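Enquirer: sequence first, then the predicted structure, then my questions.
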Amino acid sequence: MTKIWETASPRETWQLGYEMGQRASAGQIYCLDGDLGVGKTVFAQGFAAGLGIAEPVNSPTFTILQQYMDGRLPLYHFDVYRIGDAEEMEEIGYEDCFYGEGVCLIEWSRQVAGILPETAVRVWIEKDMEKGFDYRRISVETE
Ligand code: ADP
Ligand code: MG
C-alpha cells in the first residue's frame with residue numbers, strides 16, 4: 001500500500017516523521033530516499049522525537065550509523081550515502097540493528113538495496129519546483 005503526503009514546510013515534514021515515530025514498532029526498518037537536501041534528515045529528526053528521543057539527531061554521513069537509546073525503542077539511524085558495498089555494512093554490524101529490537105532509519109537506502117528486507121517501509125521524498133521551493137511529495141510504501 002502506498003500513501004502520499006504533501007508538505008509545504010520543513011515543519012510539516014518533521015511532523016509527519018514525528019507521527020510515524022510515535023506509531024513505529026520494534027523491528028521495523030524505514031528506508032529514506034530522495035535527492036540531497038530533500039528532507040530525509042528533517043523527517044528522521046521528527047521520527048526520533050516521535051520515539052521520545054531527546055538527543056539532537058543529525059545526518060550521520062561521516063559515521064554511517066548513529067544509535068539513540070533514550071527513546072521508547074532504540075533508534076538506529078544510518079546514512080549510507082558513502083557506502084560502497086554490503087561488506088562495509090557487515091563491518092558496521094548492521095544485522096544486529098536490522099534484526100534487533102529497535103527501529104532502523106536508513107538514509108540513501110538504495111545504496112544498499114541488496115540487503116534490505118522486503119518488509120521494509122519505503123519513504124520516498126521528492127521536490128516539485130513548480131509547486132514551490134518548500135514543497136515536498138512524500139510517498140510511504142508498506143507491504
Ligand atoms: P537530506 O537529509 O535529504 O539531504 P535535509 O533534511 O538535511 O536533507 O535538508 C532538507 C532541507 O530542505 C532543509 O534545509 C530544510 O529546511 C529544507 N526544506 C524546505 N522545505 C522542506 C520540506 N517541505 N520538508 C523538508 N525539508 C524542507
Ligand atoms: Mg541527510
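Expert: Done, it's in. Ligands and ions are numbered 1, 2, ... in the order given.

Enquirer: is it true that G100 touches L75?
Expert: No: checked against C-beta atoms under 8 Å, the pair G100 and L75 is beyond contact range at 11.2 Å. Placement of C-beta: from N, CA and C, glycine included.

Enquirer: quick one: the helices in the protein?
Expert: 10-23, 40-50, 86-92, 94-98 (DSSP state H).

Enquirer: list the contacts of the residue in the chain that ligand 1 sits nearest to.
Expert: Going by C-beta to the nearest ligand atom, ligand 1 is nearest to G39 of the chain, at 2.8 Å. G39 makes contacts with T7, P10, T13, I125, R136, I138, as judged by C-beta atoms under 8 Å, 6 or more residues apart in numbering.

Enquirer: pLDDT-wise, which helix or strand of this structure ranks last?
Expert: Within the chain, confidence by mean pLDDT, DSSP states H and E is lowest for helix 86-92 among all helices and strands, at a mean of 90.

Enquirer: how far does that one sit from its chain's centre?
Expert: Computed by C-alpha atoms, centre = their mean, to the nearest Å, the chain-centroid distance of helix 86-92 equals 19 Å.

Enquirer: cool, and stretch 13-25?
Expert: 10 Å.

Enquirer: related to what we said a few turns ago, number of nearby residues for the closest residue to the residue of the chain closest to ligand 1 other than its chain neighbours?
Expert: Spatial nearest neighbour of G39, excluding adjacent residues (C-beta to C-beta, 6 or more residues apart in numbering): T13 at 4.8 Å. Using other C-beta atoms under 10 Å, the number of residues around T13 comes to 24.

Enquirer: would you agree A86 is in contact with G114?
Expert: Yes: the pair A86 and G114 qualifies as a contact (C-beta under 8 Å) at a distance of 5.7 Å.

Enquirer: packing partners for the least confident helix or strand of the chain?
Expert: Helices and strands in packing contact with helix 86-92 are not found; criterion 3 or more C-beta pairs under 8 Å, 6 or more residues apart in numbering; DSSP states H and E.

Enquirer: pLDDT weak spots in this protein?
Expert: Low-confidence segments of the chain (pLDDT under 70): 60-61.

Enquirer: got the contact list for the residue nearest to G39?
Expert: For T13, the contacting residues are T7, G39, V42, F43, G46, I125, R136, I138, by C-beta under 8 Å, 6+ apart.

Enquirer: please consider this matter closed, and thank you.
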